[in-house]
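In: task: produce atomic coordinates for the following.
(2 chains)
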Amino acid sequence: MQRETVVGVGDLHKSYGQVHAVRGISFEVAAGEVFGLLGPNGAGKTTTLEILEGMLPADRGTVTVAGIDVAREPARVRRLVGISLQSTSFFERLTLRELLRLFADLYGRPARAERLLERVGLAELAGRRVKTLSGGEQQRFAVAVALVNDPPLLFLDEPTTGLDPQARRSLWELVRFLRLEGRAVVLTTHYMDEAQELCDRVAIMDAGTILALDTPARLVQQLLATGFRREVAVQPADLEDVFLQLTGRQLTEAR
Amino acid sequence: MEPRAYASLTLANLRMLLRNPVASFSLVVVLLGLLGFLKVISGQPVHVRVAVVAAGGGSEEAAALVQAIHRQPAFDVTDLSAPEADRRLRQGQLDLVVTVPAGVGAPDASGRPVPVALPVRYRAGSPGESAVPTLRGVVEDFNERVLHEAPPVSLDASGVRTQSTGLIDVLLPGVIAFNIIGGALMLAAGMFAGYKSSGVLRRLKATGISPSTFVLAHATSAFALGMVQTAAIVIASVLLFDVHLDLPSLIVLVALGYLVFQALGLAISGWIRDPQRATGVSQAVAFPLIFVALLSSALPDSISGVTRYLPISFVTDGLRQLGQGATLATIAPDVLWLAAWGAVLLVAAGRVFRWD
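Out: Residues are numbered from 1 along each chain as shown, chains lettered A, B, ... in the order given. The predicted structure follows:
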């Protein structure tokens, strides 16, 4: 059965002065899908995401989110979706619980602070302030805030950048859980392994254009069909696995 | 405007302000200290250091005159020998030396007291110089009561309570205005610019709330804090200086003052994104205004002709009039001017406001 389209992008353009950041890209995101925008720094991922969020106006093209024209009603779109910005800051002198209650009031939604914190694994830190959290905990809290309005669609901008492997895996679990709940997620990343792990479909961007758009498995198949073979043999485990095996268990036991 | 978002943001802002007591209360503590200092220096009675030289023992009348001088409350009297009194006067340890001759009150052949002149020496320019009339009053009183010599002409002076124009009446409006500038302009400019540079405003923008909700919530919480600060200043002034101000008029004036200077702070933070630059610019704007607020009554006409149209001048002028018993109707021109300034600055702040 064809799933409902929650994001529709057509011929999107955005420039900053002489820099053409987004050059006529088009794609769609279905309900319940995890969609990844991949690419190096400066590829246009964040610009695209911020236009979809209604945070940034497009120069040209059409963007609809849940059937709403983002250019016409950006504030309405922002109230509907969940947003985790690339660098998120919160009021420093409020606790996690107080911040979640505040954001619930901003959306006019019931406060479910304890439940949300439990969901992102931060229930024990409800009385702490954001600045005292680790990078991974801060990102998970940002996702908790993005869930305050119970959105059917979330935008996560580089949610795992700067996190250690354990924190990344923890966030991946959270995204998988969101998908299980039937929410659509649009995320940006420059980690290919992350995209392969999480995304149902990915759009690979560079210099403001989409170079390829498909499921990770089909993109790999297409590459292999060209005769491509990796030169270095894949190891059954790498240093990251060693690190996780060692530190992950120790940290888990410490808690 | 979203009422629930507005109420929650206002409470959150108040909570944050109360959790940052150094930023929220340091200025008002300094200003309360200033009022206390003002009380100490204005409440200290000026005592004149007087030495009495009773030359050669003397008569009962001479002793009575010495006692009369001792009883003068403004004098801090010491009995000394002539050489010691002279030494201390020259060293600045005394303000005035009066010598009471032994022959005070001695009758002449007709039975009338022999005229005697009391040698008085004082340090020029010291309180001793201004104490001479007081000493003259003591002597005249002595003549009348002890020697039964009524002078043909005397003074009958009495104090009348009038509108006070003491130091507190000049300084209190400036102190309140100083607090408004600090709590509204400087705090708002620094805080908004800080929120902007750290990305807090972008995160709030992502919720879809309107800028007016956010700004009004911030203004409300800052105003609530400002009213607490102003109340502390006014209560201290009432307790220390017996100041009387019309409360509704005071609230209107201070509320408008906060509105105007918050809008100015918001405009500065919207115009300048960098928090350090915004703080610098707000200080550059604030300090001349504080100068005008504190010294407006001492400014020459050529300068006050211009500064009188600054919003801070309407605050201090209105407060000064309230100190002299004015009501809201009396200060209506100041209120209207402030409202006009508030409208202009709010429009300007709204035009330059940016979430990011």
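In: quick check: closest non-adjacent residue to B:A206.
Out: Setting aside the residues directly before and after it, B:A206 is nearest to A:I83 in space (CB to CB, 6 or more residues apart in numbering or on different chains), at 4.2 Å. Where you see a C-beta, it was placed from the backbone N, CA and C, and this is true even at glycine.
In: and the stretch 51-200 of chain A, which residues reach chain B?
Out: Selection of the stretch 51-200 of chain A residues close to chain B by CB under 8 Å from any CB of the partner chain yields A:53-55, A:75-79, A:83, A:85, A:87-94, A:98, A:101-103, A:105-108, A:145, A:149.
In: just the ones in helices from those residues, please.
Out: A:53, A:75-79, A:98, A:101-103, A:105-107, A:145 (DSSP state H).
In: would you write a PyMOL line that selects the buried entries of those?
Out: One line in PyMOL is enough to select the buried members of those, burial here meaning 16 or more other CB atoms under 10 Å in any protein chain shown:
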select buried, chain A and resi 53+76+77+78+79+98+101+102+103+105+106+107+145
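In: dump the ones in helices among the residues of the stretch 51-200 of chain A next to chain B to a markdown table, plus distance to B:R136.
Out: Output for these, formatted as a markdown table (distance: CB to CB, whole Å):
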| residue | distance to B:R136 |
| --- | --- |
| A:E53 | 87 |
| A:A75 | 82 |
| A:R76 | 87 |
| A:V77 | 89 |
| A:R78 | 84 |
| A:R79 | 84 |
| A:E98 | 73 |
| A:R101 | 76 |
| A:L102 | 74 |
| A:F103 | 79 |
| A:D105 | 76 |
| A:L106 | 77 |
| A:Y107 | 82 |
| A:V145 | 81 |
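In: list the buried residues in the longest helix seen in chain A.
Out: Longest helix in chain A, counting residues (DSSP H): helix A:165-180. By 16+ other CB under 10 Å, the buried positions in helix A:165-180 come out as A:P165, A:Q166, A:A167, A:R168, A:R169, A:S170, A:L171, A:W172, A:L174, A:V175, A:L178, A:R179.
In: got a markdown table for the residues you listed, with pLDDT too?
Out: Shown next, in a markdown table, are the buried residues of helix A:165-180 (pLDDT from 0 to 100):
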| residue | pLDDT |
| --- | --- |
| A:P165 | 85 |
| A:Q166 | 85 |
| A:A167 | 83 |
| A:R168 | 87 |
| A:R169 | 89 |
| A:S170 | 87 |
| A:L171 | 89 |
| A:W172 | 92 |
| A:L174 | 91 |
| A:V175 | 94 |
| A:L178 | 93 |
| A:R179 | 94 |
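In: in chain B, which spans are helices?
Out: B:3-18, B:21-43, B:60-71, B:82-90, B:127-145, B:167-180, B:187-198, B:200-205, B:211-241, B:247-271, B:275-295, B:301-307, B:311-323, B:332-352.
In: flag the shaky bits of the stretch 51-200 of chain B, pLDDT-wise.
Out: For the stretch 51-200 of chain B, the stretches with pLDDT under 70 are B:56-58, B:146-147, B:149-167.
In: near chain A, which residues of it are found?
Out: Checking the stretch 51-200 of chain B against chain A by CB under 8 Å from any CB, the hits are B:S198, B:G199, B:V200.
In: only the buried subset of these, as a PyMOL command please.
Out: Remark: buried members of those, expressed as a PyMOL selection using 16+ other CB under 10 Å:
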select buried, chain B and resi 198+199+200
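In: and of the residues of the stretch 51-200 of chain B next to chain A, the nearest to B:A102?
Out: Using CB to CB, B:S198 is the member of these that sits closest to B:A102, with 85.5 Å.
In: next, the contact list for the closest one, please.
Out: By CB atoms under 8 Å, 6 or more residues apart in numbering or on different chains, B:S198 lies in contact with A:S89.
In: Provide the contact partners of the longest helix of chain A at residue level.
Out: Contacts for helix A:165-180 (CB under 8 Å, 6+ apart): A:32-34, A:119-121, A:134-137, A:139-140, A:143, A:147, A:154, A:156, A:159-160, A:163, A:185, A:187, A:191, A:194, A:197-198, A:240, A:243-244, A:247-248, A:251.
In: using CSV, write out every CA atom in it.
Out: Provided in CSV are the C-alpha atoms of helix A:165-180 (Å, rounded to 0.1, in the frame of the first residue of the first chain):
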residue,chain,number,x,y,z
PRO,A,165,30.5,5.7,19.6
GLN,A,166,28.4,4.6,22.6
ALA,A,167,26.4,7.8,22.6
ARG,A,168,25.9,7.4,18.8
ARG,A,169,24.5,3.9,19.2
SER,A,170,22.3,5.1,22.0
LEU,A,171,20.8,7.8,19.7
TRP,A,172,20.4,5.3,16.9
GLU,A,173,18.3,3.2,19.2
LEU,A,174,16.1,6.2,19.9
VAL,A,175,15.6,6.9,16.2
ARG,A,176,14.7,3.3,15.6
PHE,A,177,12.2,3.5,18.4
LEU,A,178,10.7,6.6,16.9
ARG,A,179,10.2,4.8,13.6
LEU,A,180,8.6,1.9,15.4
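In: which elements pack onto the next helix or strand after it?
Out: As assigned by DSSP states H and E, the chain's next helix or strand after helix A:165-180 is strand A:184-189. Where contact means 3 or more CB pairs under 8 Å, 6 or more residues apart in numbering or on different chains; DSSP states H and E, strand A:184-189 is packed against strand A:5-16, strand A:19-30, strand A:34-38, helix A:45-53, strand A:153-157, helix A:165-180, helix A:192-198.
In: what helices or strands is the fifth one leaning on?
Out: Strand A:153-157 makes packing contacts with helix A:45-53, strand A:82-84, helix A:135-146, strand A:184-189 when contacts are defined by 3+ CB pairs under 8 Å, 6+ apart.
In: same thing but at 10 Å, please
Out: Other elements packing on strand A:153-157 under the criterion 3 or more CB pairs under 10 Å, 6 or more residues apart in numbering or on different chains; DSSP states H and E are strand A:5-16, strand A:34-38, helix A:45-53, helix A:74-80, strand A:82-84, helix A:135-146, helix A:165-180, strand A:184-189.
In: what lines up beside it in the sheet?
Out: With DSSP bridges as the test, strand A:153-157 is paired with strand A:82-84 (parallel), strand A:184-189 (parallel).
In: what's the answer for the second one, then?
Out: For strand A:19-30, sheet partners with direction are given as strand A:5-16 (antiparallel), following DSSP bridges.
In: just the angle for the strand it pairs with relative to helix A:45-53, thanks.
Out: For strand A:5-16 against helix A:45-53, the angle by axes from the mean of the first three to the mean of the last three CA atoms, to 10 degrees is 120 degrees.
In: in strand A:5-16, which residues are buried?
Out: A:T5, A:V6, A:V7, A:G8, A:V9, A:L12, A:H13, A:K14.
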